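**Q** got a structure for you, letters missing:
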């Protein structure tokens, strides 16, 4: 997981959050210094410049 990389979130998480299909997310940070299950910080331009949320690696789909 690299900061700045574009990713998607899996369908189960997207539905739980009530987000529309097809949103592209950017990895803003990866928290390595903590024991926190949701350590990947994602942002999404379409949801607003201030929107961020925390996810774990299993919830993210990497774009090739």
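**A** All right, it came through fine. All values reported here derive from a predicted model rather than from experimental measurement.

**Q** residue 15 is in what secondary structure piece?
**A** Using DSSP states H and E, the element containing residue 15 is helix 11-17.

**Q** which residues touch that helix?
**A** 9, 21, 23, 53, 55, 59 (CB atoms under 8 Å, 6 or more residues apart in numbering). C-beta here means a position set from N, CA and C on the backbone, and glycine is covered the same way.

**Q** which other residues reach the strand ranked longest in the chain?
**A** If you go by DSSP state E, the chain has its longest strand at strand 25-30. Strand 25-30 has contacts (CB under 8 Å, 6+ apart) with 1-9, 39-45, 52, 60.

**Q** just the strands from this protein, written as ranges.
**A** Going by DSSP E, the chain shows strands at 6-9, 25-30, 40-43, 52-55, 60-62.

**Q** just those: most buried one?
**A** Highest mean neighbour count among these (mean count of other CB atoms under 10 Å): strand 40-43, with a mean of 19.

**Q** which helices and strands does it pack with?
**A** strand 25-30, strand 52-55 (3 or more CB pairs under 8 Å, 6 or more residues apart in numbering; DSSP states H and E).

**Q** name the strands paired with the last one and say parallel or antiparallel.
**A** In its sheet, strand 52-55 lies beside strand 40-43 (antiparallel), with partners assigned from DSSP bridges.

**Q** quick one: distance of the strand it pairs with to the chain centre.
**A** 4 Å (CA atoms, centre = their mean, to the nearest Å).

**Q** what of stretch 4-16?
**A** Distance of stretch 4-16 from the chain centroid (CA atoms, centre = their mean) equals 6 Å.
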